[in-house]
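In: no sequence on this one, just coordinates:
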């Protein structure tokens, strides 16, 4: 049964339609800049620094923050900052190779693997799968988030709500791919930053002020010790999964690839990581405020949805617009990233198919719709947001972290072979899977990354050759 009045539900629906309509209009306008399939797939070297920073934030701070992170704040207080800090650390580490990534003019993560180890279809296939699993998990998470948030308020069934947000996401992506997604994300990203701070303040006010929250919520959650309230086992799982998962997340790579200036690549990542702390403030404050008002929720991931039912009509409409803009911005970015892998890596590089510009864009749009439908179905079947995030990060990191970063360090001194990447990625996936099944005390992502790194070092030592001295110009280009 819906918990909102007819007027409130109508207001939220109107706000949602306005946001989606505005996003569609911006996507069409900026999508005109996508003259080629390369523009659609990668917005090649076209984004200024301020757009890169805000779009990184808009892409990262999506439904996971609204549902899963608020749930962390509700159950474990300031521990949510540990999660955000893991993303920040990932961004800071990614800065180490950002300049090289931008110089090489890559489009996808498998391009990076190919550059380091050489052409091989099996390597490209596994790398593509590992690269797309995180944005695909994000996409499903956004659909779950929207349905959970608005289901309690409206009483509308989850499949219907998932279908609505799926259509909203499509209008962000279809006009111009990454070009339209990035500029629309920039506008919504600014709105999200302002609203996240405003909603956090209002949530505290609604709960009776910070003093009342500290009187009604256990001190272990809101005091400094709340940073570790979630427990060290969970913290180590986040560190093991989120940090390397961020290092291998193609959404972030694509915006590095698309910077207008090479010098912006590194700076953009650093500034984007800092903006993620805004998400921690929002999620922590809202989680603690809801915990103060209703400490008996059956599921912590219901916290944000329950808050919706307590808001006055005017705030509900504004908050609804904020939620929709947050979700469609992230889902659009995730959707476009998955499609790039399927077109660039699977269709063009693995299958060896090449088509004209217009046909490539048309095929990209067709696959965009198909991927959206698949994600929507899985979101209905497996509606648990945080599980999607952690698992996809872990397996992607297990497969890609060692080949990218160890490969980057090794390739300057040795001519790496595709077999090293292939063995490393397979070992990472198997190691991660076995450890998860055995329910090891140490986070399963650690086993996957460790196995991947060990096999990579072994195969690099036994199959590669030392590089001959490289001309000075080539050394400068690869630096």
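Out: Thanks, I have the structure now. Everything numeric here is computed off the predicted structure, so don't read it as measured data.

In: got the residue ranges for the strands in the stretch 101-250 of the chain?
Out: Taking DSSP state E, counting those that start in this stretch, the stretch 101-250 of the chain contains no strands at all.

In: As a check, name the ranges of all helices in it.
Out: With DSSP state H, counting those that start in this stretch, the ranges of helices along the stretch 101-250 of the chain come out as 109-117, 121-154, 158-173, 178-206, 210-216, 219-222, 232-247, 250-257.

In: Please apply the same query to the stretch 301-450 of the chain.
Out: Using DSSP H, counting those that start in this stretch, the helices of the stretch 301-450 of the chain run over 303-308, 313-340, 357-381, 385-401, 407-410, 418-438, 444-463.

In: Quick one: closest of those helices to residue 115.
Out: helix 407-410 (9.0 Å; C-beta to C-beta). All C-beta atoms are positioned from the backbone trio N, CA, C, and that covers glycine.

In: from memory residue 200 sits against residue 285, does it?
Out: Yes. With contact defined as C-beta atoms under 8 Å, residue 200 counts as touching residue 285 (3.8 Å).

In: the more surrounded of those two?
Out: The neighbour comparison of residue 200 against residue 285 (other C-beta atoms under 10 Å) goes to residue 285, with 25 against 19.

In: quick one on the thing from earlier: can you tell me which of the helices of the stretch 301-450 of the chain comes nearest to residue 72?
Out: helix 385-401 (7.8 Å).

In: still on that earlier bit, now the helices of the stretch 301-450 of the chain as CSV including distance to residue 29 and mean pLDDT?
Out: Putting the helices of the stretch 301-450 of the chain into CSV (distance: least, C-beta to C-beta, whole Å; pLDDT from 0 to 100) gives the following:
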stretch, distance to residue 29, mean pLDDT
helix 303-308, 31, 82
helix 313-340, 15, 78
helix 357-381, 17, 82
helix 385-401, 32, 76
helix 407-410, 38, 92
helix 418-438, 40, 93
helix 444-463, 41, 92
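
In: For residue 142, which of these is the nearest?
Out: Here helix 313-340 is closest among those (C-beta to C-beta), at 3.7 Å.

In: can you list the helices of the stretch 301-450 of the chain in a markdown table and add mean neighbour count and distance to residue 226?
Out: Shown next, in a markdown table, are the helices of the stretch 301-450 of the chain (neighbours: other C-beta atoms under 10 Å; distance: least, C-beta to C-beta, whole Å):
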| stretch | mean neighbour count | distance to residue 226 |
| --- | --- | --- |
| helix 303-308 | 24 | 16 |
| helix 313-340 | 26 | 24 |
| helix 357-381 | 17 | 31 |
| helix 385-401 | 26 | 18 |
| helix 407-410 | 18 | 37 |
| helix 418-438 | 21 | 28 |
| helix 444-463 | 21 | 24 |
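
In: Make JSON lines from the ones you listed and add distance to residue 228 to it.
Out: Formatted as JSON lines, the helices of the stretch 301-450 of the chain follow (distance: least, C-beta to C-beta, whole Å):
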{"stretch": "helix 303-308", "distance to residue 228": "20"}
{"stretch": "helix 313-340", "distance to residue 228": "28"}
{"stretch": "helix 357-381", "distance to residue 228": "32"}
{"stretch": "helix 385-401", "distance to residue 228": "18"}
{"stretch": "helix 407-410", "distance to residue 228": "33"}
{"stretch": "helix 418-438", "distance to residue 228": "23"}
{"stretch": "helix 444-463", "distance to residue 228": "19"}
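
In: Which strand or helix spans residue 13?
Out: Element membership for residue 13, per DSSP states H and E: helix 6-31.

In: who's in contact with the residue nearest in space to the middle of the chain?
Out: For the chain, residue 60 is the residue whose C-alpha lies nearest the centre (C-alpha atoms, centre = their mean; 4.7 Å). Applying C-beta atoms under 8 Å, 6 or more residues apart in numbering, we find residue 60 in contact with 87, 251-252, 272, 276, 279, 330.

In: Relative to residue 169, which of the residues you listed is nearest.
Out: residue 330 (9.0 Å).

In: so where's the stretch 151-300 of the chain uncertain?
Out: In the predicted model, the stretch 151-300 of the chain carries pLDDT under 70 at residues 174-183.

In: Kindly recompute the last result at 80.
Out: Residue ranges of the stretch 151-300 of the chain with pLDDT under 80: 151-155, 168-169, 171-189, 191-192, 195, 237, 240-242, 244-245, 248-265.

In: and the residue nearest to residue 193 when sequence neighbours are not counted, how far is that from residue 343?
Out: Ranked by C-beta to C-beta, 6 or more residues apart in numbering and with sequence neighbours excluded, the top spatial neighbour of residue 193 is residue 278, at 5.7 Å. Going from residue 278 to residue 343 by C-beta to C-beta, to the nearest Å gives 33 Å.

In: so the helix holding residue 13 versus helix 313-340, what angle?
Out: Counting by axes from the mean of the first three to the mean of the last three C-alpha atoms, to 10 degrees, helix 6-31 lies at 40 degrees to helix 313-340.

In: Distance from helix 6-31 to the middle of the chain?
Out: How far helix 6-31 lies from its chain's middle: 23 Å, per C-alpha atoms, centre = their mean, to the nearest Å.

In: cool, stretch 251-268 as well?
Out: On C-alpha atoms, centre = their mean, the centre of stretch 251-268 falls 16 Å from that of its chain.
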